[in-house]
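> Here's a sequence, model it:
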Amino acid sequence: MPPITQQSTPTPGLNLVLFSIPQSLLLEIGTASILLLLTTGKVTVKALESLGQASEELFRGDRLPILPFPDDDESNN
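Sure thing, here's the model as predicted:
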């Protein structure tokens, strides 16, 4: 059985037709995008929590106006 030889490229990375992108640059771009996604997710969760708390405060019973309901005696007349 003949040995399998692998030909390694001189610069590992993404080889396109006109140029090549080094593997380290791809790793940096991927890492930065993941960190940005995680940070954005945490900020979004905090914003939604504060929005929920604000809506609870808005509809809390002691802040709503007291509506004048008619008495039963007035509605029968």
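> Which strands or helices does the longest helix along the chain pack on?
Assignment by DSSP state H gives helix 23-58 as the longest helix of the chain. Applying 3 or more CB pairs under 8 Å, 6 or more residues apart in numbering; DSSP states H and E, one finds that helix 23-58 makes contact with strand 13-15. Backbone N, C-alpha and C define where each C-beta goes, glycine included.
> elements contacting the strand it packs on?
Against strand 13-15 (3+ CB pairs under 8 Å, 6+ apart) you get strand 20-22, helix 23-58.
> Give the rounded mean pLDDT of the longest one.
In this model, helix 23-58 carries a mean pLDDT of 94.
> got the buried residues for it?
Residues of helix 23-58 classed as buried: none (neighbour count, 16 or more other CB atoms under 10 Å).
> how about the helices and strands packed on strand 13-15 in a markdown table, adding distance to residue 14?
Shown next, in a markdown table, are these (distance: least, CB to CB, whole Å):
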| stretch | distance to residue 14 |
| --- | --- |
| strand 20-22 | 4 |
| helix 23-58 | 6 |
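> how about these, which one is nearest residue 4?
Comparison of those against residue 4 by CB to CB identifies helix 23-58 as nearest, at 22.9 Å.
> Distance from the closest one to the middle of the chain?
5 Å (CA atoms, centre = their mean, to the nearest Å).
> Could I have the CA atoms of stretch 37-48 written out in CSV?
Output of stretch 37-48 as CSV, limited to C-alpha atoms (Å, rounded to 0.1, in the frame of the first residue of the first chain):
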residue,chain,number,x,y,z
LEU,A,37,-23.2,38.8,19.7
LEU,A,38,-22.9,37.8,23.4
THR,A,39,-22.6,41.4,24.5
THR,A,40,-25.6,42.5,22.4
GLY,A,41,-27.6,39.6,23.9
LYS,A,42,-26.9,40.7,27.4
VAL,A,43,-27.8,44.3,26.7
THR,A,44,-31.0,43.2,25.0
VAL,A,45,-32.0,41.1,28.0
LYS,A,46,-31.3,44.0,30.4
ALA,A,47,-33.3,46.4,28.3
LEU,A,48,-36.3,44.0,28.1
